[in-house]
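S.K.: show me how the following folds:
(one chain, ligands or ions: 1)
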Amino acid sequence: MTEYRIAAIPGDGIGAEVIPAGLKVLDATAQRDGGFALRVTTLPWGSSFFRRHGRLMPEDGLEQLRGFDAIYFGAVGDPQIADHVTLWGLRLPICQGFDQYANVRPTRILPGLTSPLRNCGSADLDWIIVRENTEGEYSGAGGRVHRSLAEEVGVEVSVFTRAAVERIMRFAFELARKRERRHLTLVTKSNAQRHGMVMWDEVFAATAKAYADVTTDRELVDAVTTRMVLRPRTLDVMVATNLHADILSDLAASLASSIGIAPTANLNPERRFPSMFEPIHGSAFDIAGKGIANPIGAFWTAAMMLDHLGEGEAGARLMAAIERVTRAGEPLTPDLGGTATTLQVTDSVCDAIQSANC
Ligand code: ATP
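M.R.: Residues are numbered from 1 along each chain as shown. Below is the predicted model of the structure:
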């Protein structure tokens with residue numbers, strides 16, 4: 001039997017609720033499959049760890065993670081600690097340190113769920129956002145001078161390297177090529193940002209020459225928001241920078257019903273390092289501790305993790321179990337209009353996994 005080593009980092013807020021729920025459905029999926037097992041090590045990193053040790057993860061955190069087959073991550077963020085400290089202390093060092101350059105964010109309206117858009121059914125909204133995940137606006141380049149004085153200056157530099165842009169474009173085209181519609185939209189802002197973003201566009205156009213079977217178009221990031229709302233059907237795969245995709249994927253998740261259902265995979269496609277799987281939502285302290293966080297985003301990303309590990313059939317079964325519960329219309333958490341708890345949704349998905357036709 002194949003055994004996969006999984007590092008689980010529940011982190012903060014509702015991360016600590018949805019990751020244990022996800023581990024439960026993963027366990028049910030592995031038991032049902034019978035062909036593989038998951039050996040899970042839970043790492044207590046995040047804001048509580050920071051309070052005790054002055055850092056979000058141990059100094060050798062990346063070394064500890066390196067030997068795992070995948071990382072299953074919850075969320076990081078704390079009302080008492082500045083967001084840039086928590087983000088740069090845990091999630092970003094893992095994404096950047098492990099060169100997880102392709103962030104893949106699928107969005108679709110699961111059966112039984114409704115979009116806040118009028119007349120928008122599941123056939124109208126089925127997207128994947130591919131996010132450049134290692135540089136761009138989140139490269140961390142910049143600084144502050146004349147601190148606290150009236151003359152203070154803050155500089156935040158976006159970094160676009162040709163090598164990183166080329167590889168994310170190739171990744172997006174390869175992914176688009178595998179989809180039924182084979183359409184890729186370049187999201188850009190090269191009208192106002194005339195250096196890195198113009199190179200971004202040029203690399204896209206050059207890469208497109210090798211993918212004649214993929215149709216393409218180009219949209220400014222502001223314009224693509226209106227297209228997502230008014231003409232969702234015209235979009236298939238989108239490739240966007242780190243910041244743009246971050247924003248667009250929250251919009252995409254909400255248009256598909258709730259941010260609570262949306263998954264993300266931070267991939268190192270060459271598999272030199274472990275990849276990381278997480279729901280796209282954050283720590284959501286407004287609902288933390290109430291037991292009502294929607295675990296579906298954590299389940300969907302668990303299905304993506306199984307797929308990445310080579311257990312595609314088990315991943316598909318987990319997805320079918322999730323859809324069986326959403327199609328039934330209950331139990332669903334309050335963000336989807338229901339009254340159920342995280343635990344009730346988790347148990348229903350586990351039951352669906354065990355049932356014969358999932
Ligand atoms: P962070 O700063 O850590 O990215 P946040 O708490 O500012 O996160 P999100 O966690 O992304 O923001 O969530 C925004 C809002 O969406 C939350 O306030 C919460 O009400 C809702 N939400 C997010 N995730 C879920 C979920 N899994 N289930 C139900 N509601 C959710």
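S.K.: residue 217: what secondary structure?
M.R.: Of the three states, residue 217 takes strand under DSSP: H, G, I helix; E, B strand; the rest coil.
S.K.: my guess is it meets residue 188, correct?
M.R.: No. Between residue 217 and residue 188 there is no contact under C-beta atoms under 8 Å: 11.0 Å. Just so you know, the C-beta spots here come from the backbone N, C-alpha and C atoms, and that holds for glycine as well.
S.K.: and the residue of the stretch 251-358 of the chain found nearest the ligand, how far from residue 334?
M.R.: For the stretch 251-358 of the chain and the ligand, the shortest gap (C-beta to the nearest ligand atom) falls at residue 282, measuring 2.1 Å. Applying C-beta to C-beta, to the nearest Å, the value for residue 282 to residue 334 is 17 Å.
S.K.: related to what we said a few turns ago, residue 217 and residue 188 - which one has more neighbours?
M.R.: Between residue 217 and residue 188, counted using other C-beta atoms under 10 Å, the more crowded position is residue 188 (23 against 11).
S.K.: close to the ligand: what parts of the stretch 251-358 of the chain are there?
M.R.: By C-beta under 6 Å from any ligand atom, the residues of the stretch 251-358 of the chain that approach the ligand are 259-260, 281-287, 293-294, 297, 333, 335.
S.K.: give me the buried entries from those residues.
M.R.: 259, 260, 281, 282, 283, 284, 287, 293, 294, 297, 333, 335 (16 or more other C-beta atoms under 10 Å).
S.K.: pretty sure the fourth one is touching residue 73, no?
M.R.: No. Between residue 282 and residue 73 no contact is recorded; they are 11.4 Å apart, counting by C-beta under 8 Å.
S.K.: which residues touch residue 294?
M.R.: 18, 258, 260, 261, 332, 333, 335, 336, 342, 345 (C-beta atoms under 8 Å, 6 or more residues apart in numbering).
S.K.: tally of neighbours for the fourth one?
M.R.: It refers to residue 261. By other C-beta under 10 Å, the residues close to residue 261 number 29.
S.K.: try the first one
M.R.: For residue 18, the number of neighbouring residues by other C-beta under 10 Å comes to 30.
S.K.: show the average pLDDT along the helix or strand where it lies.
M.R.: Residue 18 belongs to helix 15-33 when elements are defined using DSSP states H and E. For helix 15-33, the mean pLDDT works out to 97.
S.K.: pull out the buried positions in that helix.
M.R.: Buried, per 16+ other C-beta under 10 Å, within helix 15-33: 15-26, 28-30, 32-33.
S.K.: please export the C-alpha coordinates of it as PDB.
M.R.: Provided in PDB are the C-alpha atoms of helix 15-33 (Å, rounded to 0.1, in the frame of the first residue of the first chain):
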ATOM      1  CA  GLY A  15      -8.200  27.100   9.900                       C
ATOM      2  CA  ALA A  16      -8.100  25.100  13.100                       C
ATOM      3  CA  GLU A  17     -11.700  24.000  12.500                       C
ATOM      4  CA  VAL A  18     -11.700  23.200   8.800                       C
ATOM      5  CA  ILE A  19      -8.400  21.300   8.600                       C
ATOM      6  CA  PRO A  20      -9.300  18.700  11.200                       C
ATOM      7  CA  ALA A  21     -12.600  18.300   9.300                       C
ATOM      8  CA  GLY A  22     -10.700  17.900   6.100                       C
ATOM      9  CA  LEU A  23      -8.400  15.300   7.700                       C
ATOM     10  CA  LYS A  24     -11.500  13.300   8.700                       C
ATOM     11  CA  VAL A  25     -12.900  13.200   5.100                       C
ATOM     12  CA  LEU A  26      -9.400  12.400   3.800                       C
ATOM     13  CA  ASP A  27      -9.300   9.500   6.200                       C
ATOM     14  CA  ALA A  28     -12.700   8.300   5.100                       C
ATOM     15  CA  THR A  29     -11.600   8.600   1.500                       C
ATOM     16  CA  ALA A  30      -8.400   6.600   2.100                       C
ATOM     17  CA  GLN A  31     -10.300   3.900   3.900                       C
ATOM     18  CA  ARG A  32     -12.900   3.600   1.200                       C
ATOM     19  CA  ASP A  33     -10.200   3.400  -1.500                       C
END
